[in-house]
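Participant: Let me see the structure of the following:
(chains A and B)
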Amino acid sequence: MKILVAVKRVVDYNIKVRIKADGSDVDIAGVKMGINPFDENAIEEALRLKEKGSASEVVVVSIGSAANQDVLRHALAMGADRAILLETDANVQPLGVAKLLKAMIEREQPQLIMLGKQAIDDDAGQAGQMLAALLDYPQGTFASTVQIEDDEIVVTREVDGGTETLALTLPAVITADLRLNEPRFVKLPNLMMARKKPIETINASEFGIDLKPRLNLLKVSEPPARKAGIKVGSVEELINKLRAHEGMQL
Amino acid sequence: MTILILAEHDGQQLSPAVQQAVTAAQLWNAPTHVLVAGQGTESIAKQAASLAGVEKVIHANAAHLAHALAEDIAKVILTISAEYQVILAAHSSFSRNVLPRVAALLDVAMISDVLEITADNTYVRSIYAGNILTTVQSSDAVQVLTIHSSNFSATDLGGTSEIVNIETPAAFGKSRWLSEVRSQSDRPALSSAKVVISGGRSLGSAEKFEQVLSPLATKLGAALGATRAAVDAGFAPNDIQVGQTGIVVAPELYIAVGVSGAVQHTYGMKDSRIVVAINQDPDAPIFQVADYGLVADLFIAIPALTAAIQ
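Facilitator: Predicted coordinates:
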């Protein structure tokens, strides 16, 4: 069984992103980039399924500029077998991502497709579900455990108020939550070896898919800050303030 | 034009967030319909029909809708979607699962977790874990979106709209529900509790988390929340995580205990009326968003607070 994992290159999660002076967009020039953390969970789980004998090949795909080679190399260093870059300089929104991935899936014919549940830059959380819809595949979003059982994948999903377990007929789309696993550390020798592995590059425009953004960005801004209040010196003072100033019945 | 609200429910009760979705829909100033899909959900359809501002309730009642599988709910919406120019729901794990699927099948973008709706299909939403707001305008013929419920007031009861039962399309058939685990708790639901007490990694263990915070929560009738760090460390279950990737709360009183105040977390609680922070580190960012900050050892302060409350 082949697994295809889609990965996005995003601003490193430790970086506080700034806004361009004219408020037209975020300013990410020269900022440290990395693999979307949820996508790293997806790669890790695909590798574990292969190590358990449930899968035979793990293929990673990323969409973006040539700079995306770094996240693909990271995936190769983790243990992925092949990497494909769908090269484009366009800002591809989730629906466009889903359409491009669908085209790749028609070519690669994987039985399982894994993605992170959301990207930490746009926080949309849509690509996996959109891809499943376009393929008419079942979906297991926000996965915290997965297991292959014959022609099905059993997935436990993290939902509001608890968890839910579903059995999906393969082929299926899974989106990974952080608690699916703890991604492995990439060892330096593996990273060196990954540098020598080829990355197949396909010009995204070859698919003839309309990638024009459906949402036009008008501006970006800082969120209104909640103002800091006062420091109290003791538990008694805290309770007195809440009773006297806030009318709390404590 | 007409608006469709996808209603969330638990098989017994309509989610209170539907009332906020109705308020959001009213910004288009157009007839609003509510879709209730499930099995044996007649009473929930009636609850939806009693919301002010709702013109019609569409009720899809079938055995295969009992567990609200995304594939099946999306199929129901697709059978009626031609009538609607806006399809919206309150942002939750349910709508996040279903609506992107609907949007893709309609070949339109989706706008997730909308904070503010302005004229001409223009929306404000946050990116980068709440660090930045973006204003986007959709050029699609159908608007599919989820709203950040705490930013919208709840519509009143007192409506009397008609309920229309519709034919339900056949089951998708490639997704089977096996089981669920609902967190059992005597405490109020986190998303609607009047008082929320959240614990961070400083609690140190699952035992301490329970030992220190439970008595205070019981006395205050509060729901318990946790930071992602506390959840990842195994101190608290994932479904009580407050923040960007967890649950967003806006209670009357929010007490952050040993919480550092990462933006990821504060995104999920910054609409609370009063925020109290108790942390040993005077420089913890949580104090920047707290109305009342107490620099203290939580293992001493929380029992003292619990004892002092009547």
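Participant: so residue B:6 bridges to which residues?
Facilitator: residue B:35 (DSSP bridges).
Participant: you'd agree it is up against residue B:98?
Facilitator: Yes: under the criterion of Cβ atoms under 8 Å, residue B:6 makes contact with residue B:98 at 6.6 Å. Glycine gets a C-beta too; all of them are placed from N, C-alpha and C.
Participant: Find residues that contact each of the two.
Facilitator: Counting by Cβ atoms under 8 Å, 6 or more residues apart in numbering or on different chains, the common neighbours of residue B:6 and residue B:98 are B:73, B:77, B:89.
Participant: Highest neighbour count among those residues?
Facilitator: residue B:89 (27 neighbours; other Cβ atoms under 10 Å in any protein chain shown).
Participant: Roughly how far does the residue sitting nearest the centre point of chain B sit from chain A?
Facilitator: Centroid-nearest residue in chain B, with Cα atoms, centre = their mean: residue B:92, separated by 4.5 Å. Computed with Cβ to the nearest Cβ, to the nearest Å, the distance linking residue B:92 and chain A is 5 Å.
Participant: The residue lying closest to that residue once chain neighbours are set aside - how many residues pack around it?
Facilitator: Spatial nearest neighbour of residue B:92, excluding adjacent residues (Cβ to Cβ, 6 or more residues apart in numbering or on different chains): residue A:160 at 5.4 Å. Residue A:160: 18 surrounding residues under other Cβ under 10 Å.
Participant: Nearest to residue A:205 among the shared contacts of residue B:6 and residue B:98?
Facilitator: Distance to residue A:205, by Cβ to Cβ, is smallest for residue B:77 among those, at 32.5 Å.
Participant: Report the contact partners of that closest one.
Facilitator: Counted by Cβ under 8 Å, 6+ apart, residue B:77 has contacts B:4, B:6, B:35, B:87, B:98, B:102.
Participant: repeat that for 7 Å
Facilitator: Each residue near residue B:77 by Cβ atoms under 7 Å, 6 or more residues apart in numbering or on different chains is listed here: B:6, B:35, B:87, B:102.
Participant: Could you pick out the residues of the stretch 151-300 of chain B near chain A for me?
Facilitator: Counting by Cβ under 7 Å from any Cβ of the partner chain, the stretch 151-300 of chain B comes close to chain A at B:174-183, B:238-239, B:244, B:247, B:253, B:270, B:274, B:276, B:287-295.
Participant: Ends of stretch B:176-188, what's the gap?
Facilitator: When the termini of stretch B:176-188 are compared using Cα to Cα, to the nearest Å, they are 30 Å apart.
Participant: How far does it sit from its chain's centre?
Facilitator: Here stretch B:176-188 is found 16 Å from its chain centre; the criterion is Cα atoms, centre = their mean, to the nearest Å.
Participant: measure residue A:201 to residue A:65 for me?
Facilitator: Computed as Cβ to Cβ, to the nearest Å, the residue A:201 to residue A:65 distance reads 11 Å.
Participant: Correction: the previous question concerned residue B:97.
Facilitator: In terms of Cβ to Cβ, residue B:97 sits 31 Å off from residue A:65.
Participant: who has more neighbours, those two?
Facilitator: The neighbour count for residue B:97 versus residue A:65, taken as other Cβ under 10 Å, is higher for residue B:97 (26 against 13).
Participant: Can you get me a residue count around residue A:134?
Facilitator: Neighbour number of residue A:134 under other Cβ under 10 Å is 20.
Participant: Okay, helices next: where are they in the chain?
Facilitator: By default, I'm working from chain A. Secondary structure of chain A (DSSP state H): helices located at A:37-51, A:69-78, A:94-108, A:127-135, A:188-196, A:235-244.
Participant: try again with chain B
Facilitator: B:17-25, B:42-49, B:70-80, B:93-105, B:206-220, B:228-232, B:263-266, B:298-308.
Participant: could you give the mean pLDDT of the third one?
Facilitator: What that stands for is helix B:70-80. Helix B:70-80 shows a mean pLDDT of 98.
Participant: Show the contacting residues for residue B:9.
Facilitator: B:15, B:36, B:38, B:41, B:44.
Participant: which one of those sits closest to residue A:92?
Facilitator: Using Cβ to Cβ, the contacts of residue B:9 come closest to residue A:92 at residue B:15, 33.1 Å.
Participant: looking at it, the closest one is touching residue B:8, isn't it?
Facilitator: Yes: assessed by Cβ atoms under 7 Å, residue B:15 is found in contact with residue B:8 at 4.1 Å.
Participant: Not counting sequence-adjacent ones, nearest residue to residue 234?
Facilitator: Defaulting to chain A. residue B:294 is the one closest to residue A:234 (Cβ to Cβ, 6+ apart), at 7.5 Å.
Participant: hmm, I had chain B in mind actually
Facilitator: Nearest to residue B:234 is residue B:206, by Cβ to Cβ, 6+ apart, at 6.1 Å.
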